[in-house]
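>>> Starting from these lines, generate the structure:
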Amino acid sequence: QVQLVESGGGSVQVGGSLRLACAASGTYSGCMGWFRQAPGKEREGVALMRSEGRTFYANSMKGRFTISKDNAKNTLFLEMNSLKPEDTAMYYCAAKITFSCSWYAADFSYWGQGTQVTVSS
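Reported below is the predicted structural model:
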C-alpha cells in the first residue's frame, strides 16, 4: 500500500508560482505523476515521472511546469510557474503500480487527497 500526501497549494495571482509536494510512504518504483481536476471537468494529467527519471508533460504545461523527485525523501514535486486562471483546480498526486506511465487516471492505483490551487487575475 502506498500513501500519498500532497501539500503546497494556495492562492496566487496570474503569473505567480507555486511548488507542490507529494510525500510518499515507503520506497516506490512505479510511475508517479500529478493530475488536476477543475469543477465540472474531468481529471486530467499534468506531468508524469518514471522511476528512472524520464518526465512527460501535458502540452499546455510544457515550459511552465516542472516535475521532479527527491528519492532520499520519497517526495515528488511540481514546480508551477507563469500560472494562469485556467490552472485553477484541485491537484492530485498519483502513483501507478507498473513502471510505464499513462495519461489515464484510471491506470493509477494510489491517490493523495489533493491540494487546491487557485489563480486569480
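
>>> End to end on stretch 48-59, go ahead and measure it.
In terms of Cα to Cα, to the nearest Å, the two terminal residues of stretch 48-59 are separated by 12 Å.

>>> typo on my end, it should be stretch 80-87
End-to-end span of stretch 80-87 (Cα to Cα): 9 Å.

>>> what is the rounded mean pLDDT of it?
Stretch 80-87 shows a mean pLDDT of 97.

>>> which residues touch that stretch?
The contact list for stretch 80-87 (Cβ atoms under 8 Å, 6 or more residues apart in numbering) reads 12, 14-20, 36, 38, 64-66, 117, 119-121. Glycine gets a C-beta too; all of them are placed from N, C-alpha and C.

>>> Going through these, which ones are buried?
With burial judged by 16 or more other Cβ atoms under 10 Å, the buried subset of these is 12, 16, 18, 20, 36, 65-66, 117, 119.

>>> what about the residue nearest the centre of the chain, helix or strand, and which?
Nearest to the geometric centre of the chain sits residue 34, at 2.1 Å (Cα atoms, centre = their mean). Using DSSP states H and E, residue 34 sits in strand 32-37.

>>> What strands line up against that strand, and which way round?
The pairing partners recorded for strand 32-37 under DSSP bridges are strand 44-49 (antiparallel), strand 89-95 (antiparallel).

>>> closest one to residue 104 among these?
strand 44-49 (7.9 Å; Cβ to Cβ).

>>> Please work out the average pLDDT along that closest one.
Per-residue scores along strand 44-49 average to 98.

>>> which parts of that strand are buried?
The neighbour-count check on strand 44-49 (16+ other Cβ under 10 Å) flags 45-49 as buried.

>>> Report the distance from it to the chain centre.
6 Å (Cα atoms, centre = their mean, to the nearest Å).

>>> Please apply the same query to stretch 86-94.
Worked out by Cα atoms, centre = their mean, stretch 86-94 lies 7 Å from the chain centre.

>>> got the buried residues for it?
Result for stretch 86-94 [16+ other Cβ under 10 Å]: buried residues 87-94.
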